[in-house]
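In: Below: sequence and its predicted model.
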Amino acid sequence: MYLFKKILVLWIGLLALAGLLLFALANEGPSSSALFVDAILLLTGIVCIFIFLREPNRTNRPIFLNFGMFFLLSVLAFVFRFVGYAIAPGDQWLRFYFSQYHLMAYFFLLSFAVVYVVIDSLFTDFWTFSKYSLAFLIVGSTFTYYYNPFFANPRHLYTTQDVADYKAVNQAVIIAENMGKTIPTVQEIAAISSIGIWKNGVQVGVLFDDQKARRVAELLPYSENDENFGSLLFKPLYFDNIYMNVLCIIFIFLFFGYQYKNDPPQGAYIEKIIFLFLPYCSLEILHHYAYIKSVEYATFVDVQQIGYYLTLLNLLFLLTFFGLRLRFITSVKGEFYERELVSDAEHISRWRDALDNLVVRHFLNPKAIHGRLFAPRAPRNEA
C-alpha cells in the first residue's frame with residue numbers, strides 16, 4: 001500500500017506542477033479531454049517505471065522500461081501546449097516541427113514496445129542486447145521507410161501533390177473572383193487552374209479537363225477556410241501513423257498465435273496487457289483514418305474529442321492491469337511465482353488471474369481447464 005501511495009503522491013505532485021504552469025504561462029488552452037488523457041498516460045508511465053524497478057524477473061524489466069518510455073512521452077505532449085506561446089512566441093514553424101516529430105516519436109516508441117514483447121516471447125534464449133537489436137531493426141526499418149521524407153525535408157508536408165493542387169485551386173479562385181465571378185463553378189475554376197502532376201516542385205505532367213474538374217471538386221472544400229487546410233496538410237503523416245499501428249497489430253496477433261501454440265512461460269498479466277494494446281492500436285488506426293476523411297475542421301475537432309474518450313477508456317484498462325502487475329510482483333506470492341517461472345517453468349502450474357477464473361467459471365468447464373486461458377490443453381487419457 002505504501003508503494004501505491006508513493007506513486008499517487010508523485011503523480012499528484014506532477015499534475016499540480018503542470019496546473020501551475022498552465023495557469024502562469026501562455027498556452028494554447030487544451031481541452032479537458034486531452035488533459036485527462038495526458039494525465040492517465042503520465043500515471044501509467046510512472047507505474048511502468050516502478051514495475052521496471054521492482055521486477056523480480058530481469059528479462060522482463062526491458063518490457064516495462066519500453067512501455068514506461070512510451071507513456072512518459074506524454075510529458076512532451078504537455079510541453080507542446082506552450083510552443084508558439086510561452087516558448088518561442090509566434091514561431092509557428094517550431095510548433096509545426098514539434099507536432100510532427102512528436103507524433104513520429106509516439107508511434108516509434110509504441111511500435112518498439114509492442115514488437116520487443118513479441119521478440120522476447122519468441123526468442124527467450126536471446127540476450128537482451130540481441131532482442132533490442134532485432135526489435136530496433138524491425139521497427140527502425142519500417143519507421144525509416146515511411147518517415148524518411150520528414151527527416152530529409154522537415155517541411156515535406158508542404159511539398160506533396162495535395163498541397164500543390166490546393167495552392168493551384170486557391171490561386172484559380174482568386175483569379176476568378178478578380179474576373180467578377182463571385183461564386184465560380186468547379187468547371188470555371190478548373191479551366192483557369194494550373195493543376196497538374198508535380199514532383200519536387202516541378203510540374204511533370206498535365207490532367208485532362210474532366211480530371212481537373214474532379215480534382216477541383218475534391219479540394220475546393222479545403223479552401224473554404226484556413227483551418228480546413230490542416231487535415232489535407234497532415235494526411236501523409238496520418239497514413240504513415242496508420243501503417244505503424246498495422247505493424248503493431250500484426251505482431252500482437254503473432255504474439256497470441258505463438259502463445260496458443262507453444263504456451264511459453266509468461267509473467268502474470270503480461271498477456272492481458274498485450275491484448276489491450278490490440279484495441280489501443282486499432283483505435284489509433286480508426287482515429288487517423290477519420291482525421292483523413294474529415295474535410296471540415298469542426299468535424300476534425302469532434303472526431304478528435306470522441307477519440308480522446310475512447311482512448312481514455314482503453315488507457316484506464318491498461319492502467320488497471322499495469323497496477324495489478326505491480327501489486328502482484330511486490331507480493332510474496334508474486335515474487336516467488338515470477339522467480340520460479342524463470343528457474344523451473346516446466347514444473348510450475350501456470351498462474352490464473354481473477355479475470356481468467358471469472359471467464360472459466362461462467363463460460364467454460366472448470367474441470368477441463370487447469371492452466372491459463374488460450375493455452376494448449378494436453379489430451380485427456382481415456383480409460
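Out: It's in.
In: if I look at P56, how far off is N66?
Out: P56 sits 18 Å away from N66, taking Cβ to Cβ, to the nearest Å as the criterion. C-beta coordinates here come from the backbone N, C-alpha and C atoms, glycine included.
In: Looking at those two, which has the bigger crowd around it?
Out: The neighbour comparison of P56 against N66 (other Cβ atoms under 10 Å) goes to N66, with 23 against 17.
In: can you tell me which helix or strand the more buried one belongs to?
Out: Remark: N66 resides in helix 61-71, with elements defined by DSSP states H and E.
In: Near A298, how many other residues are there?
Out: Summarising burial for A298: neighbours were counted as other Cβ under 10 Å, giving 11.
In: repeat for G267
Out: 24.
In: again, but for the one 3 residues further on
Out: Residues within reach of I270, counting by other Cβ under 10 Å, total 19.
In: quick one: N153 and Y147 touch, right?
Out: No - at 11.6 Å, N153 does not count as touching Y147 under the criterion of Cβ atoms under 8 Å.
In: Neighbour count: the two, which is higher?
Out: Y147 (22 against 12).
In: for that one, helix, strand, or coil?
Out: Taking DSSP: H, G, I helix; E, B strand; the rest coil as the rule, one finds Y147 in the helix state.
In: What about the residue lying closest to it once chain neighbours are set aside? Give its phi and psi, please.
Out: Taking Cβ to Cβ, 6 or more residues apart in numbering as the measure, Y147 lies nearest to M104, with 5.4 Å between them; neighbours along the chain are not counted. For M104, the backbone dihedrals are phi -60, psi -40 (criterion: degrees, to the nearest 10).
In: go on, V206?
Out: Per-residue torsions, V206: phi -120, psi 160 (degrees, to the nearest 10).
In: before we move on, what about D91?
Out: Torsion angles, degrees, to the nearest 10, at D91: phi -90, psi 90.
In: residues in contact with Y85?
Out: Under the criterion of Cβ atoms under 8 Å, 6 or more residues apart in numbering, the contact partners of Y85 comprise L25, A26, N27, E28.
In: what about it, distance to C281?
Out: Y85 sits 32 Å away from C281, going by Cβ to Cβ.
In: was I right about F229 contacting V169?
Out: No - no contact is recorded between F229 and V169 when judged using Cβ under 8 Å, the distance being 11.2 Å.
In: between those two, which one's more packed in?
Out: In terms of neighbours (other Cβ under 10 Å), V169 is the more surrounded of F229 and V169; the figures are 25 against 17.
In: how about the helices of the stretch 51-200 of the chain, start to end?
Out: Listed from the start of the chain, the stretch 51-200 of the chain has helices (DSSP state H, counting those that start in this stretch) covering 61-71, 74-80, 92-122, 128-152, 161-178, 186-192.
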